[in-house]
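Asker: Need coordinates for the following:
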Amino acid sequence: MKITITLLSLMLSTGLLTAQSTCASAPVIDTGNYLVPSVNGSEVPSPVCASGGDNADHGIWYRYGNVEDLTLTVSTDLEENEGIDTRVHIYSGECGNLSCLGGDDDSGSGFLSILTVQVEAGEAYYIAFDDNWTDQGFVFELIENEPIEQMVSFGIQTINLQGSGICIVDMDGDHLDDVVGVSGNQINVHRQQAGGTFQSNVYATPEADHNPSWSLAAGDLDANGKTDLLYGGGSGVTFMFASDDGTTFTESSGPEYVFSQRSNMVDINNDGILDAFVCHDVAPNVYFISDGEGNMTFNQGGIGDTPDGGNYGSVWIDYDNDHDIDMFIAKCRGGNSPANINQMHRNNGDGTFTEVAEELNLADNVQTWSSAWADFDNDGDMDVLIGASSFTNGGHKLMRNDGDTFTDVTEGSGYDLLTATGIENAPADFNNDGYVDVYGAGNVIMFNTGNLTFVPSVAPFGNGPMGDVNNDGFVDVQNGGTLFLNQGNEHNYIKVTTVGTASNINGIGARIEVHSALGTQIRDVRSGEGFRYMSSLNAHFGLGEDTEIDMIVVYWPSGIVDYIMEPEVNQHLVIVEGSEPLSVDDIAEADIRIFPNPASDILTIQSSGQRSFDLVRVLDISGKVVLQSSYRKGELDVQNLAPGAYVLELRNTQGHLGHKRFLKN
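Answerer: Okay, here's the model as predicted:
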């Protein structure tokens with residue numbers, strides 16, 4: 001790539017660095033490429049706008065002044081910078097009184113930075129790089145583009161967050177999202193209070209053998225009502241177990257070498273106790289089976305066995321709607337080696353997994369660190385956006401779930417026009433319109449229009465965890481020491497916390513359906529999305545203009561199903577497993593007739609033609625699925641059911657439900 005060496009660059013190359021060492025002496029720059037020989041200025045950028053902690057000692061400063069409204073991108077994601085680690089901050093205001101406009105650590109390839117912000121005519125802005133990771137020199141590019149409509153606005157709140165690992169998760173069991181920062185010997189918890197304020201608590205911990213330098217996962221591994229943490233480091237894994245009162249932590253680290261990438265908490269063997277999974281960069285993946293008392297048994301192999309690794313972004317989702325949790329791995333190694341072919345591991349229901357990506361059309365070599373899974377078209381199954389971290393092997397791919405395969409629908413989706421790359425891609429409905437958006441590459445939120453097309457909107461922040469930190473029903477983002485508060489709109493919402501009894505206490509792996517006039521929306525409760533950060537375990541649903549919800553259905557990992565009929569909108573609903581079993585008979589006899597009732601061997605199902613169903617389940621009175629069958633010729637074999645009362649659940653391809661009660665002799 002040709003580098004434009006400006007007069008400023010020439011001055012830098014001859015050692016005249018004082019012009020950039022402080023905010024007050026920052027030189028004015030415009031579009032082009034600039035050489036930074038070394039990050040060695042005397043003023044450290046403050047406040048910290050990007051993730052990665054506050055360990056910088058030096059900074060380099062520039063001033064940008066423009067004459068029109070536009071979109072400004074600062075990028076170090078250039079070929080010349082391969083292998084370099086950069087961090088950038090962009091400020092508005094005046095020196096001595098700066099406010100974060102945005103920041104970025106690792107949105108580019110490797111550890112490089114890409115940050116896009118909206119700037120206004122006549123205003124001055126400051127661009128600063130620090131040596132938080134290295135003072136090594138690099139080249140950065142300043143790019144101006146037409147302004148992009150900002151579809152959601154965010155307020156900014158500075159929060160004193162210590163530590164390089166950050167997450168948004170409920171730490172104390174009150175179901176409200178807290179803001180958490182983690183370092184090797186402390187956990188800094190900003191506990192959410194009523195009204196969206198915080199109570200800051202710093203808890204000393206034993207020195208961790210491994211810091212969360214690559215990823216952080218959260219969940220209640222020992223079911224004591226307090227959240228435990230997993231630190232994914234460059235050479236191993238550390239668990240921090242919270243005490244029963246959540247004020248002290250016990251450290252546990254194994255001797256195994258693990259080059260951690262994405263980590264998750266999930267009940268792998270479905271015994272009702274959370275386990276942990278960690279992507280291994282240079283070897284087969286590893287997982288830890290928990291006994292529920294703080295003992296974690298190390299396992300390697302069986303869920304991603306590529307010898308040289310390449311495992312980066314694991315997401316646990318139910319892609320085939322069979323109500324057990326499967327796992328997709330975004331792979332990144334470059335070239336066409338097995339370490340660069342994405343994988344889907346289908347849950348066989350017995351604690352084993354089968355790799356099926358090729359038959360699903362997902363065995364792609366897009367160089368990617370993460371993927372965003374959601375039902376983007378609200379048709380009842382999980383689709384996926386595979387986010388490219390480099391365009392070497394192709395760009396972003398939007399794949400529609402068609403049941404037995406995935407179809408590439410990237411062309412015309414908006415992702416075919418997105419030229420920015422990135423390592424974090426995560427789903428959330430930022431504007432509460434009922435369609436899941438994607439935050440990712442280039443610090444852009446891709447807003448979902450509902451028909452598998454997306455419209456870009458600049459986000460004023462870099463990578464970070466997401467959650468509702470002021471309990472107003474809108475998704476917020478934490479980036480470094482800055483909290484970006486979603487200012488919301490008139491749309492309605494429902495927020496769900498799952499509390500397992502037979503299943504793991506967090507309900508991780510549960511499928512939640514929300515039925516309203518807008519249609520049926522689905523979420524899977526997950527610990528660990530994107531690449532690095534841990535976002536809320538609460539499930540958030542935008543409802544658009546819908547003011548009523550017909551029903552919420554929760555399919556728990558245990559097989560129990562809960563039905564919450566006509567809950568109020570705009571509330572945070574806590575659902576305890578088994579508390580709301582099915583008790584309705586909501587199909588008219590004129591639509592569906594079942595006989596004989598009671599039944600002994602065969603239950604006949606007759607439809608008037610008003611309703612068409614192709615999947616049948618039988619549930620016991622607790623809501624647990626005890627029989628599942630395709631709907632063929634109107635007959636269902638129930639002879640193996642024990643005598644008692646049951647509910648017949650009927651579904652079509654759109655996921656619509658109908659229920660009829662019957663007795664088994």
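
Asker: got the contact list for whichever strand in the chain runs longest?
Answerer: If you go by DSSP state E, the chain has its longest strand at strand 136-145. Strand 136-145 has contacts (Cβ atoms under 8 Å, 6 or more residues apart in numbering) with 3, 29-39, 64, 66, 70-76, 78, 80-81, 84-86, 88, 127, 129. To be clear about C-beta, it is placed using only N, CA and C from the backbone, and glycine gets the same treatment.

Asker: how does it look with 7 Å?
Answerer: 3, 29-38, 70-76, 78, 80-81, 84, 86 (Cβ atoms under 7 Å, 6 or more residues apart in numbering).

Asker: Repeat that for stretch 355-362.
Answerer: 342, 343, 344, 345, 346, 363, 399, 405, 406.

Asker: and with 6 Å instead?
Answerer: Stretch 355-362 is contacted by residues 342, 343, 344, 345, 346, 363, 405, 406 when judged by Cβ atoms under 6 Å, 6 or more residues apart in numbering.

Asker: and what of stretch 469-482?
Answerer: Against stretch 469-482 from outside (Cβ under 6 Å, 6+ apart): 47-51, 100, 103, 156, 158, 161, 166, 168, 177, 179, 192, 196, 428, 430, 461-462, 464-466, 484-486, 488, 493, 540.

Asker: buried stuff in it?
Answerer: Across stretch 469-482, burial judged by 16 or more other Cβ atoms under 10 Å covers 469-482.

Asker: Now do the end-to-end distance for it.
Answerer: From its first residue to its last, stretch 469-482 covers 12 Å (Cα to Cα, to the nearest Å).

Asker: Output the host helix or strand of residue 241 as PDB - backbone C-alpha positions only.
Answerer: Applying DSSP states H and E as the criterion places residue 241 in strand 237-242. Extracted in PDB, the C-alpha atoms of strand 237-242 (Å, rounded to 0.1, in the frame of the first residue of the first chain):
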ATOM      1  CA  VAL A 237      -8.000 -21.000  32.400                       C
ATOM      2  CA  THR A 238      -8.800 -19.600  35.800                       C
ATOM      3  CA  PHE A 239     -12.200 -19.900  37.600                       C
ATOM      4  CA  MET A 240     -13.300 -17.400  40.300                       C
ATOM      5  CA  PHE A 241     -16.000 -18.900  42.500                       C
ATOM      6  CA  ALA A 242     -18.200 -16.400  44.400                       C
END
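
Asker: Could I get the buried residue list for that strand?
Answerer: In strand 237-242, the ones that count as buried by 16+ other Cβ under 10 Å are 237, 238, 239, 240, 241, 242.

Asker: Just the pLDDT for the last one.
Answerer: Confidence per residue is given as pLDDT, and for residue 242 that number is 97.

Asker: Relative to residue 200, how far out is it?
Answerer: Here the criterion is Cβ to Cβ, to the nearest Å. By it, residue 242 lies 17 Å from residue 200.

Asker: now do residue 56
Answerer: 22 Å.

Asker: More neighbours: which of those two?
Answerer: residue 56 (21 against 13; other Cβ atoms under 10 Å).

Asker: Let me see the contact set for that one.
Answerer: 44, 130, 131, 132.

Asker: what about burial for the contacts of strand 136-145, which qualify?
Answerer: Buried, going by 16+ other Cβ under 10 Å: 29, 33-38, 70-76, 78, 81, 84, 86, out of the contacts of strand 136-145.

Asker: rewinding a little: now the helix or strand following the longest strand of the chain, how far from the centre of its chain.
Answerer: Using DSSP H and E, the helix or strand that directly follows strand 136-145 along the chain is strand 154-158. Relative to its chain's centre, strand 154-158 lies at 21 Å (Cα atoms, centre = their mean, to the nearest Å).

Asker: One more: stretch 197-206?
Answerer: Using Cα atoms, centre = their mean, the offset of stretch 197-206 from its chain centre is 24 Å.

Asker: Any buried residues in it, and which?
Answerer: Neighbour counts over stretch 197-206 (16+ other Cβ under 10 Å) mark 198, 203, 205 as buried.

Asker: Return the subset of those residues lying in strands.
Answerer: Per DSSP E, these map to strands at 198, 203.

Asker: and of the buried residues of stretch 197-206, the nearest to residue 263?
Answerer: The closest of the buried residues of stretch 197-206 to residue 263 turns out to be residue 205 (Cβ to Cβ; 17.8 Å).

Asker: Next one: that closest one from residue 252, what distance?
Answerer: 11 Å.

Asker: what pLDDT, on average, does the helix or strand following the strand holding residue 241 get?
Answerer: Next in sequence after strand 237-242, counting helices and strands by DSSP H and E, comes strand 249-253. Mean pLDDT, strand 249-253: 96.

Asker: what packs against strand 249-253?
Answerer: Here strand 249-253 touches strand 237-242, going by 3 or more Cβ pairs under 6 Å, 6 or more residues apart in numbering; DSSP states H and E.

Asker: could you redo the last one with a cut-off of 10 Å?
Answerer: strand 228-232, strand 237-242 (3 or more Cβ pairs under 10 Å, 6 or more residues apart in numbering; DSSP states H and E).

Asker: Next, the closest residue to residue 137 other than its chain neighbours: secondary structure please.
Answerer: Among residues not flanking residue 137 along the chain, residue 37 sits closest, at 4.3 Å (Cβ to Cβ, 6 or more residues apart in numbering). Of the three states, residue 37 takes strand under DSSP: H, G, I helix; E, B strand; the rest coil.

Asker: And residue 421, how far from residue 101?
Answerer: 22 Å.

Asker: bridging residues for the spatially closest residue to residue 157 that is not a sequence neighbour?
Answerer: Nearest residue to residue 157, sequence neighbours excluded (Cβ to Cβ, 6+ apart): residue 483, at 4.4 Å. Note on residue 483: beta-bridge partners by DSSP bridges are residue 157, residue 478.

Asker: Might you report the residue contacts of residue 483?
Answerer: 154-159, 161, 168, 179, 190, 198, 461, 464, 469-470, 476-477 (Cβ atoms under 10 Å, 6 or more residues apart in numbering).

Asker: Can you pull up the most central residue in this structure?
Answerer: Centroid-nearest residue in the chain, with Cα atoms, centre = their mean: residue 529, separated by 3.3 Å.

Asker: Wait, it touches residue 387, no?
Answerer: No: using Cβ atoms under 10 Å, residue 529 is not in contact with residue 387, being 11.8 Å away.

Asker: Overlap in contacts, the two.
Answerer: 313, 370, 371, 372, 424, 425, 426.

Asker: Out of those, show me where the pLDDT dips lowest.
Answerer: In terms of pLDDT, residue 424 ranks lowest among those, with 90.

Asker: Number of residues surrounding that residue?
Answerer: 26.

Asker: go on, the one 4 residues further on?
Answerer: Burial of residue 428 is recorded as 24 neighbouring residues (other Cβ under 10 Å).

Asker: Tell me the confidence at it?
Answerer: 97.

Asker: Residue 466 is in contact with that one, correct?
Answerer: Yes: with contact defined as Cβ under 10 Å, residue 428 counts as touching residue 466 (5.4 Å).

Asker: Spit out the residues that contact the two alike.
Answerer: 439, 475, 476, 477, 486, 529, 535, 536, 540.

Asker: of those residues, closest to residue 512?
Answerer: For the shared contacts of residue 428 and residue 466, with residue 512 as the reference and Cβ to Cβ as the criterion, the closest is residue 540, at 10.3 Å.

Asker: residues in contact with that closest one?
Answerer: 428-430, 432, 436, 466-468, 473-475, 493-496, 523, 572.

Asker: The helix or strand encompassing it pairs with which strands?
Answerer: Residue 540 belongs to strand 539-544 when elements are defined using DSSP H and E. With DSSP bridges as the test, strand 539-544 is paired with strand 492-499 (antiparallel).

Asker: Kindly calculate the angle that the helix or strand just after the partner strand makes with strand 492-499.
Answerer: Using DSSP H and E, the helix or strand that follows strand 492-499 in sequence is strand 511-516. With axes from the mean of the first three to the mean of the last three Cα atoms, to 10 degrees applied, the angle from strand 511-516 to strand 492-499 works out at 150 degrees.
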